[in-house]
Structure formats: C-alpha cells, structure tokens
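Participant: could you look at this predicted model? Sequence included:
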Amino acid sequence: MTALSQIYAEIDARLSTLPTVQLYERMPSGDPDIFPALAVFDDGDEPAEQEASSTRLSLSLTVEGYMNGVGGAATHDQLLALHAAVVRALCGDEGTNLGGLVENIEITGRRRVVVAPLSKERHLSFGQDFEILYSTVRGDPASFA
C-alpha cells in the first residue's frame, strides 16, 4: 500500500464511520442520492521541501458535505454540525495527526456553503479544504520517510 493509499485509508475510516453520515465516498463520480453524505476529493500534492534522503509533500484535499431537509435554520444547523464533526475527525487527534501517519493536517481556506435552489428537494452543502504535510523517501513517493 502506498503512502497516499495509507493516508486516504485513514481518512476513509474516520469519515465513513461518523454517526450521522449515511453515505461516504472518496472521489465520487456524481452527486449523492442519500443524505447526509460526505465526499473527499484528492486535489493533488506538490513538493514543499526536499532533502538528500526525503521529500516533504503538501497534499491538498477537499471534503464536501451534503444535507437535505426542509431548508432554513434547522438544515443549516445540521450542516454546521456535520462540518464540525469532519474537522474533529481529521484534525482532533491532539497532535498525532491522522494517527501518526502525517506530520500535520490543517484547514485551509474558508468553509464554502452552497444552496441547491432548483433541485426537487432542498439541499445544502459545504466544501472545506485541508492541507496535509507528509514525507516520503526521495525518489520513491510510495514509501514514507
């Protein structure tokens, strides 16, 4: 299993088991049809620092959460609670950072909220970006350094 596969497996395990989530998918090909739902998108990684024997990489990912309901404050509050649960699941390790797999994980950018006003049912969603720092063996991005 590659370093990235291990990181994403840990993310999958944490987000797919959140008590309020009915559907979780990494890299889905379409919008969810079961709610509440979460999706994770790999936004790629890039070198942040290179040393003689290792390369530190910065991985960007986006988590999207989807909620349906009658609309208004109640649905928005449920969406906010889902967002908080996602942040706790990914960043609330008290310094161990995804169980020690990575050097750091943090929120980047603002939380984006979207309303789907033309759908048959009322839907709200959020998008939140995260940045993960991890190191691999130089020249071997599959192996942790």
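Facilitator: Sure, I can see it.
Participant: longest helix of this protein?
Facilitator: helix 72-91 (DSSP state H).
Participant: if you count neighbours, what's buried in that helix?
Facilitator: Neighbour counts over helix 72-91 (16 or more other Cβ atoms under 10 Å) mark Thr75, His76, Gln78, Leu79, Leu80, Leu82, His83, Ala85, Val86, Val87, Ala89, Leu90 as buried. C-beta coordinates here come from the backbone N, C-alpha and C atoms, glycine included.
Participant: if I pick the first one, what's in contact with it?
Facilitator: With contacts taken as Cβ atoms under 8 Å, 6 or more residues apart in numbering, Thr75 has the following neighbours: Met67, Asn68, Gly69, Arg122, Leu124.
Participant: my guess is the fourth one meets His76, correct?
Facilitator: When you say that, I think you mean Arg122. No. In this structure, Arg122 is not within contact of His76 by Cβ atoms under 8 Å, at 10.7 Å.
Participant: now the nearest residue to Leu18 once chain neighbours are set aside: how far from Tyr8?
Facilitator: Nearest non-adjacent residue to Leu18, counting by Cβ to Cβ, 6 or more residues apart in numbering: Ala85, 5.2 Å away. Separation of Ala85 from Tyr8 (Cβ to Cβ, to the nearest Å) stands at 19 Å.
Participant: let me know the outermost residue of this structure.
Facilitator: If you look at how far each residue of the chain sits from its centre, by Cα atoms, centre = their mean, the farthest one is Ala52, at 30.8 Å.
Participant: which residues touch the residue nearest the centre of the chain?
Facilitator: Nearest to the geometric centre of the chain sits Val63, at 3.7 Å (Cα atoms, centre = their mean). For Val63, the contacting residues are Leu15, Leu38, Ala39, Val40, Phe41, Val86, Leu90, Gly127, Gln128, Phe130, by Cβ under 8 Å, 6+ apart.
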